[in-house]
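J.: Sharing a model that was predicted from the sequence below.
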Amino acid sequence: MANTKSAEKAARQSTQHRARNDALTSQLRSAIRKATLALKEGKHKEAAAALEAATPVIDSMVNKGIIHRNKAARHKSRLGKQIKALAK
């Protein structure tokens, strides 16, 4: 239990921030999952479209501080490589 007014407010903010971060993280994972599933099914055009849709979502999560920029770059790079390999 919080002992001061400021600690009570911080606890309230913490729960709100956590809920928002969880929702945003879920949105990020869903975008990445769509591209990954299309890759596993061997659907090149769908995978490319899913990556194109996921890229702004990934970048937006970096700007919001949900994930680190290097992690975002790694996701985009790996998905892009897999999609290019599927095209061959």
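T.: Arrived safely, thanks for sending.
J.: just checking, what packs against the helix ranked longest in the chain?
T.: Looking across the chain with DSSP state H, the single longest helix is helix 5-41. Contact partners of helix 5-41 among helices and strands, from 3 or more C-beta pairs under 8 Å, 6 or more residues apart in numbering; DSSP states H and E: helix 44-63, helix 69-87. From N, CA and C alone the C-beta is placed, and that goes for glycine too.
J.: Out of those helices, which one sits most buried?
T.: Among the helices and strands packed on helix 5-41, helix 44-63 has the highest mean neighbour count (mean count of other C-beta atoms under 10 Å), at a mean of 16.
J.: how much distance is there from stretch 24-33 to the middle of the chain?
T.: 4 Å (C-alpha atoms, centre = their mean, to the nearest Å).
J.: cool, and stretch 47-67?
T.: Stretch 47-67 sits 6 Å away from the centroid of its parent chain (C-alpha atoms, centre = their mean).
J.: quick one: average confidence on it?
T.: Stretch 47-67 shows a mean pLDDT of 97.
J.: and if you look at stretch 30-38?
T.: Averaging pLDDT along stretch 30-38 yields 97.
J.: For the longest helix of the chain, list every residue counted as buried.
T.: 24, 28, 31-32, 34-36, 38-39 (16 or more other C-beta atoms under 10 Å).
J.: Can you give me every residue that contacts the residue most central in space within the chain?
T.: Geometric centre of the chain, nearest residue: Leu28, 2.5 Å, by C-alpha atoms, centre = their mean. Neighbour list for Leu28: 57-58, 61, 66-67 [criterion: C-beta atoms under 8 Å, 6 or more residues apart in numbering].
J.: at 6 Å what do you get?
T.: Neighbouring residues of Leu28 by C-beta atoms under 6 Å, 6 or more residues apart in numbering: 57, 61.
J.: do Ala87 as well
T.: Counting by C-beta under 6 Å, 6+ apart, Ala87 has contacts His44.
J.: Just the pLDDT at it, thanks.
T.: pLDDT, Ala87: 83.
J.: let's number from 608 now, not from 1
T.: Okay, residue one is now 608; in that scheme the one you just asked about reads as Ala694.
J.: just the buried residues of helix 612-648 now: which is nearest Ala679?
T.: Using C-beta to C-beta, Leu635 is the member of those that sits closest to Ala679, with 9.1 Å.
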